[in-house]
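Enquirer: sequence unknown, structure follows:
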């Protein structure tokens, strides 16, 4: 008979092995991979953590010391991971007693960021939980921790969403939370339509560690070109991030004759399907440069800072972290004037592109005919790119204004103060 420790080792080995196969997502569909994993775990007598346990016991004021237990993807490098680390830095800055707990339950999600390892805890010691996990993953994530981590605690969920209405499936997770936090007013508005718990807006505090010693040559980029940078992650749906809009706007701005302009497309977790689609859309234009190397944050931030413009012609954003980071780094941003990025982007500090709201259709995971998202004006985006190229003084002015705005409104210190204030209100 297998002992519990042997089962744990078997589960860990299985998770690690499947994670190594994550790059094969274009060959093996996710549903098939999940089913295969579940059959193996079931045969071994191991719970995969997807079955709900009893509900945590209600919040008991005074049961635990004042402070925060923050749960999230500390060792991953996707959008949710970057978000929880933004909150973590703000909590550290504020001096609030805390524990940081890594959620490692998605076998396909690489866990390669070791920069937080020395700060991670295995126990939740404080009265307030902040769980930076979306509802569709809530049960599996929380089941990785004992019920004692949630019994009698005040639990806050941080939920990110990009459309005007949250999925109806999320309602089941409301029984696990006392309130919700959202990093943007756009998300908060969507949540408040459907939930009966308090919703508090706590924006991310932006910090941009940067490896200053790197040059354009280190990334294989021309030193004397005007560089327009766009980014997307294959795990976040190319249809939503809309890199094709960036390609089209670049062509509209510069045509075939502008030899000094380049479009740099940074693709995270690239799938064969997405790369082929981008290469087809680029049509062999040598001025479109693909960067697919995995870059840690200081190197990625340096890549951003070495470019002249950042462009995001997204159809919807849950926060728009890279846009805020580009502004912090002094890079002017051309972006769709819709969804969460409008919290920190105004016409005075950025180049906002008008958009028509159109049906999502079946291009997204919850496209059911009722959702809308943005269709940005590519001609206007091209006009901005041309002006930024032709008018260095205006480009410099937009950069300075954007930098100052993020410093004043989205600093780590300000976010820490907002978290401290809300914590005091909860524990009062």
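Expert: Yes, it's here. Predicted model only: the values in this text are computed from it and were never measured.
Enquirer: how near is residue 317 to residue 341?
Expert: To residue 341, residue 317 is 5 Å away according to Cβ to Cβ, to the nearest Å. (Glycine included, C-beta is placed from N, CA and C.)
Enquirer: repeat for residue 128
Expert: In this view, residue 128 and residue 341 are 29 Å apart by Cβ to Cβ.
Enquirer: cool, residue 65 as well?
Expert: 37 Å.
Enquirer: quick one: which of those two has more around it?
Expert: Neighbour comparison, residue 65 and residue 341: the larger count goes to residue 341, with 27 against 9 (by other Cβ atoms under 10 Å).
Enquirer: residues in contact with that one?
Expert: Shown in contact with residue 341 (Cβ atoms under 8 Å, 6 or more residues apart in numbering): 312, 314, 317, 319, 320, 323, 324, 335.
Enquirer: In helices only, show me these.
Expert: 323, 324 (DSSP state H).
Enquirer: which among the contacts of residue 341 gets closest to residue 239?
Expert: residue 314 (10.3 Å; Cβ to Cβ).
Enquirer: so what does whichever strand or helix holds residue 89 touch, helix or strand wise?
Expert: Secondary structure assigned from DSSP states H and E places residue 89 in helix 79-94. If you count contacts as 3 or more Cβ pairs under 8 Å, 6 or more residues apart in numbering; DSSP states H and E, helix 79-94 packs onto strand 68-72, strand 98-102, strand 154-158, helix 321-328, helix 412-427.
Enquirer: and the next element down the chain from the third one?
Expert: Spelled out, that is strand 154-158. Counting by DSSP H and E, what follows strand 154-158 is strand 179-182.
Enquirer: Give me the sheet partners of that following strand and which way each runs.
Expert: strand 154-158 (parallel), strand 199-201 (parallel) (DSSP bridges).
Enquirer: In this structure residue 328 contacts residue 404, no?
Expert: No - look at residue 328 against residue 404 with Cβ atoms under 8 Å: they stay out of range, at 10.1 Å.
Enquirer: Which of the two has more residues huddled nearby?
Expert: residue 328 (22 against 12).
Enquirer: Where do the domain boundaries of this protein fall?
Expert: What automatic domain parsing lists as the domains of the chain is 55-205+411-428, 216-410.
Enquirer: can you list the ones you listed in TSV and add mean pLDDT?
Expert: Converted to TSV, these look like this (pLDDT from 0 to 100):
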stretch	mean pLDDT
domain 55-205+411-428	96
domain 216-410	94
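Enquirer: residue contacts, the closest residue in space to residue 117 that isn't next to it in sequence?
Expert: Sequence neighbours aside, residue 75 is the residue nearest to residue 117 in space, at 7.6 Å (criterion: Cβ to Cβ, 6 or more residues apart in numbering). By Cβ under 8 Å, 6+ apart, residue 75 lies in contact with 81, 102, 104, 111, 112, 113, 114, 116, 117.
Enquirer: Residue 75 and residue 102, how far apart?
Expert: From residue 75 over to residue 102 the distance is 5 Å, taken as Cβ to Cβ.
Enquirer: ditto for residue 265
Expert: For residue 265 relative to residue 102 (Cβ to Cβ), the value is 31 Å.
Enquirer: follow-up on the earlier one: quick check: neighbours shared by residue 75 and residue 102?
Expert: Joint contacts of residue 75 and residue 102 (Cβ under 8 Å, 6+ apart) are 111, 116.
Enquirer: for the protein, which residue is closest to the average position?
Expert: With distances taken as Cα atoms, centre = their mean, the residue of the chain nearest its centroid is residue 79 (1.9 Å).
Enquirer: which residues touch that residue?
Expert: By Cβ under 8 Å, 6+ apart, the neighbours of residue 79 are 160, 233, 236, 318, 319, 321.
Enquirer: wait, doesn't the first one sit right on residue 134?
Expert: Yes - judged on Cβ under 8 Å, residue 160 makes contact with residue 134 at a distance of 6.3 Å.
Enquirer: Next, count neighbours for residue 225.
Expert: Close neighbours of residue 225, defined as other Cβ under 10 Å, add up to 18.
Enquirer: Strands along the chain, start to end?
Expert: 68-72, 98-102, 128-131, 154-158, 179-182, 199-201, 226-233, 261-268, 288-291, 309-312, 333-336, 351-353, 355-359, 372-376 (DSSP state E).
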